[in-house]
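Student: Generate a structure from the sequence data that follows.
(chains A and B)
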Amino acid sequence: MKVDRRSFLSFLIGGAAGTALSPLPWKLTDDISIWTQMWPWVPVPERGEVTHVTSACTLCPGGCGISVRKVDDRVVKIEGLEGHPVNDGGLCTLGLAGAQLLYGPQRVKAPMKNVDGRLVEISWEGALGEIAARLKELRESGQPHRVACIAGTDRGTVPELLNRFLTVYGSPQFFRVPSIQDTYELTLYLMQGVRASAGFDFENADYVLSFGSGLLDGWGAPVNIFQAHSRWCERGGKLVQIEPRQSRTAAKSDSWIPINPGTEGALALSMAGVIIKESLYNADFVNTQSSGFDSWQRLVLENYDTESAAKMTGVDPSTIAKLARDFAGARKPLAVCGRGKGQTPGSLKEVMAVHALNALVGGIGRQGGVRAVPEPDYIDWPEPEMDAVAAAGMQQGRVDQAGGSQYPHARYLLNRLPEAVNSSADSPIQVLFVSDANPSYSLPNSKAFADAFKKIPMVVSFSSYLGETAELADLILPSPSYLEQYEDRPIAAGYPRPIVNLTRPVVEPLFNTRSVGDVVIELARSLGGTVAAAFPWDDYRSCLKETLGDKWAVLNDKGYWADEKSGSGGQPATFETKSSRFEFTNAEIEAMTRFAPVEPEGDIAAFPLVLVPYDTMRLWNGYIGNPPFVIKIVPDTVLKNNDGLIEVNPATASQLGLQDGQAAKLTTPHGTARVRVHLFEGIMPGLVSLPTGLGHTAHSKFLAGKGVNVNALIGSVEDAATGYEAVWGIRAKLDKA
Amino acid sequence: MSTADDLDRTESENTADEVAETATSGSGDIKQDGSSASIILFFIIGFVASLVVGWVVFPKLLYSQKEQPVAFNHALHNELVDAGCESCHFFREDGSYSGVPKLAQCIDCHEEVQGDSEAERYFVTEFVQKGREVPWLVYSRQPPCVFFSHAAHVKKAGMDCVSCHGHIGESEELRPYEYNRISRYSRDIWGHNISGIKHNSWDRMKMNDCSECHVKENVNQGSVQTHRGGCFVCHH
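Tutor: This next block holds a predicted model:
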């Protein structure tokens, strides 16, 4: 028998027939189709027991309650907490993406030391020992006032522990990251005599007049305002937005009034003039509960008639008059200011002008008006005993001169810190602690902050994330993320009632982290003496529990504590001024410089355009940077590949000979950046606009290297009356790249 | 007369030669028998070999085996508990099904070594004392894309565990876990019979087996949302 070609073919045919009658092809087809559903990179939900943990979001100052869905020990979803007074079940995109900040690559996983520009892991004992040794040295040489701390807020036990530490150690250099609340707090103090933060009853207002506040772009407690906005839409309430750019808020408002940036205060005063002239104001409030009205109305009527205000603001006299009549004619009008997300304190006199508008219509303390929200008073630690070194240190002035003769009213002037450090040969600050803040990215003049941090011999960051400031720090002592620890978070973001949230360890800490409270207590202990005696607690958890007292049980149960006494209804405001009334003006106010528009820095001949930054809900620009999910929702009119887009009015663009999408070079007195042109009718001619929140150099590969950091292009401009940061833009030019 | 070699040659040459070859090929039928016998033989060899490959070799290659991490005796445990399977494989308060017990449940009884079996000592020292979860291999694990609710079947339809899981609750030892090398699923999903034939309701658990029972029991023969039948009952 010969194995020939035919036999071979026959073998194959037999094989094919046999195979067809075996399960092989059919089973294989099925298996391969199933295999294609099992790519290893396809995310698969965890299996396990589903639980929900009530906690609080701390990613912005808004203070939403959250309900975290877990499968066994893994966080899989963050949802808004039903029934929470701030957000009642709602949550923003950042809050929703919070799990990525827990598990993401930007976490600092262990204490780090900066060795020649490289971060090297170090033990907790090593890091704390190094800091304690330096602190002892400074104290022994009588220089405790050369230690400073920057904190995201000054409320709550953690910032208070930091502040207490500085005090007993002997340093007055505590800084809070600036915001519009700085100016509002001072306004309430000067006009109402109270130390409180401003709360706005958006929910019950029926006519909201916003002087550039990005109410739908992340101002205040964003989710709360979104929900209030929905209610205005349902009930026929009005939102009027006054700002030079058609922001998301302007686009969703009932009426958008473009205005020359920086002149908002003049518009408010001019509107007040119309209201006074036409006697549209709330005579009852003005006559019985206010003082200084006569001298204030004289100033307004003499200087801010609609014609001259129109020249300044670019808003028609007839529009000003109509706005004034509509505002005064509404049942519950409410005026608010603070540009964008309200992260810049701005001009005091502008805030006072807007606040006076509210007073004119009787909106102080009224339902749907402005309230003075007292600081929560649960932190009631005994006064610490101070030794001689501490007492002497506390007598030294602040490096930013806040509270000094030039800036008597300001409490913290973080914007003045870089100059104080950079202009002296030997840095006046030797040790700087940074908690919940990223100034070398998030504040105007960010480059000067970076320079200052490089100059300060020891910068200690408590950051959970590897942001720009943490990267510059000499030591990083990572704190657990907000989903891994207990912390009280009083809300001060314009919400009209005092509320304290409690974050709680939703999961056990993933990394080698320690809470800031524990680190402070440990440092104090290692310094001994009166410093240690001021911190009698075993650890931060017991300090928190003891401090919260009765509130602990409520907070642990519900996740928040709200002051039940101040319900949603209005409360008659109490005025603690000399006159015991609301003071439109008084000697103290008159001693300050009068309202004048804050001018942008730069020479108009060299820089014919004005660059204004804008804020949006899709870009987070503070201590927290966008997690990957949130960077994905930034539209390609804002960020295209890695290029940031600059908004230019088509008229301006044609003057400059620029096309849509064209690359361009943006220059300001502080630097240059490569951008792409985005033609946008919603930006006034002569202005160009870049978003905040892009242009990171740190955090993670998902965020770094995308777009331009507008804070590196703008400098600091002080408010003449207070010294607060008041910058809203800068002169710029745009050339073909 | 032409041979296979001739054919090979002619096929590789041009058409004119092929025509000539065809003219002469009809003349020789004498050796045809031997040739066709070998053809049939080779057909049979091919046929049988492929059947052997398909039915015997292929399943052996397709499936791999793993031993369970800990020897477990269902029968023994079943005698000691009051509520049958649900004593350990229970429904949570929210109605979800707990599946294979976690270490926390085992610890209730096995904090210390019970009895003197080697397996027990191994379990306690390696898992309980070290706090490590036992990486049980679950025979009935469906792929992640399958939505299955135990509550609907057990609580609402009143089915018993045996209908789908067989008599595993009476087993004294755990059989090796077999899994498909391509799809990575447990062999129990397709069933142990390579041709997919089943004798008991628990022998296999593919989609067709779901639908077979759903048709038989007359469960929602149309989609709740679209009212369409067939595949669309479940796949919208």
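
Student: all contacts plus neighbour counts: C-alpha atoms, from now on.
Tutor: OK.

Student: all strands for chain B, in order.
Tutor: Using DSSP state E, the strands assigned to chain B run over residues B:63-66, B:177-180.

Student: So what touches the first one?
Tutor: Read that as strand B:63-66. The contact list for strand B:63-66 (CA atoms under 8 Å, 6 or more residues apart in numbering or on different chains) reads B:176, B:177, B:178, B:179, B:180, B:181, B:187.

Student: Kindly report the same for stretch A:691-707.
Tutor: A:105-106, A:441-442, A:465-468, A:471, A:613-616, A:619-622, A:625-628, A:631, A:638-639, A:641-645, A:675, A:708-711.

Student: buried sites along it?
Tutor: A:691-700, A:702-707 (16 or more other CA atoms under 10 Å in any protein chain shown).

Student: Can you give the distance of that stretch from its chain's centre?
Tutor: Distance of stretch A:691-707 from its chain centroid, counting by CA atoms, centre = their mean, to the nearest Å, is 17 Å.

Student: With stretch B:163-177 instead?
Tutor: 15 Å.

Student: Can you list the buried residues in that stretch?
Tutor: B:165, B:169, B:177.

Student: got it, and stretch A:374-394?
Tutor: A:374, A:375, A:376, A:386, A:389, A:390, A:391, A:392, A:393, A:394.

Student: again with stretch A:345-362
Tutor: Buried residues in stretch A:345-362 (16+ other CA under 10 Å): A:345-362.

Student: check contacts around the closest residue to residue A:671 other than its chain neighbours.
Tutor: Excluding its sequence neighbours, the residue lying closest to residue A:671 (CA to CA, 6 or more residues apart in numbering or on different chains) is residue A:713, at 5.5 Å. By CA under 8 Å, 6+ apart, the residues touching residue A:713 are A:445, A:667, A:668, A:669, A:670, A:671, A:672.

Student: Greatest separation within these: which pair is it?
Tutor: A:445 and A:667 (14.6 Å; CA to CA).

Student: Going by secondary structure, the closest residue to residue A:537 other than its chain neighbours is in what exactly?
Tutor: Setting aside the residues directly before and after it, residue A:537 is nearest to residue A:543 in space (CA to CA, 6+ apart), at 5.5 Å. Taking DSSP states H and E as the criterion, residue A:543 maps to helix A:540-548.

Student: same deal with residue A:368?
Tutor: With DSSP H and E as criterion, residue A:368 is part of no helix or strand.

Student: okay but it is in contact with residue A:208, surely?
Tutor: No. Using CA atoms under 8 Å, residue A:368 is not in contact with residue A:208, being 9.4 Å away.

Student: Can you check which residues contact both of these two?
Tutor: A:202, A:333, A:334.

Student: and which of these is nearest chain B?
Tutor: residue A:202 (38.0 Å; CA to the nearest CA).

Student: what residues are up against that closest one?
Tutor: Residue A:202 neighbours (CA under 8 Å, 6+ apart): A:208, A:225, A:228, A:334, A:368, A:369.

Student: pretty sure the first one belongs to a helix, no?
Tutor: Okay, so that is residue A:208. No. Applying DSSP: H, G, I helix; E, B strand; the rest coil, one finds residue A:208 to be strand, outside a helix.

Student: What separation do you get for it and residue A:262?
Tutor: 20 Å (CA to CA, to the nearest Å).

Student: Ok, the last one next?
Tutor: As judged by CA to CA, residue A:369 and residue A:262 stand 24 Å apart.

Student: one step back: now the contacts of residue A:202 in CSV, with distance to chain B, neighbour count and pLDDT?
Tutor: What follows is the contacts of residue A:202, written out as CSV (distance: CA to the nearest CA, whole Å; neighbours: other CA atoms under 10 Å in any protein chain shown; pLDDT from 0 to 100):
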residue, distance to chain B, neighbour count, pLDDT
A:208, 43, 25, 97
A:225, 34, 25, 96
A:228, 34, 18, 95
A:334, 46, 33, 97
A:368, 41, 25, 92
A:369, 44, 28, 94
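
Student: Return the closest of the residues you listed with respect to residue B:44.
Tutor: residue A:225 (81.0 Å).

Student: tell me which parts of chain A are close to chain B?
Tutor: For chain A, the residues in contact with chain B (CA under 8 Å from any CA of the partner chain) are A:1-8, A:10-19, A:21-24, A:27, A:31-32, A:34-35, A:38, A:44-45, A:48-49.

Student: Inside strands: which ones of those residues?
Tutor: Among those, no member falls in strands (DSSP E).

Student: Sort out which of these are buried, if you could.
Tutor: A:6-8, A:10-19, A:21-24, A:27, A:31, A:34-35, A:38, A:48.

Student: For PyMOL, write the select line for the buried members of the contacts of strand B:63-66.
Tutor: Buried residues among the contacts of strand B:63-66 (16+ other CA under 10 Å), as a PyMOL selection:
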select buried, chain B and resi 177+178+179+180+181+187
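
Student: The residue of the stretch 501-650 of chain A at minimum distance from chain B: what's its closest spatial neighbour, skipping adjacent residues?
Tutor: Nearest to chain B in the stretch 501-650 of chain A, going by CA to the nearest CA, is residue A:508, at a distance of 15.5 Å. Closest residue in space to residue A:508, ignoring its immediate chain neighbours: residue A:484 at 5.9 Å, by CA to CA, 6+ apart.

Student: go on, residue A:517?
Tutor: residue A:540 (5.0 Å).

Student: so that neighbour touches residue A:522, yeah?
Tutor: No. Residue A:540 is beyond contact range of residue A:522, at 9.7 Å (criterion: CA under 8 Å).

Student: who has more neighbours, these two?
Tutor: Between residue A:540 and residue A:522, counted using other CA atoms under 10 Å in any protein chain shown, residue A:540 has the larger neighbour count: 24 against 18.

Student: Understood, closing this out.
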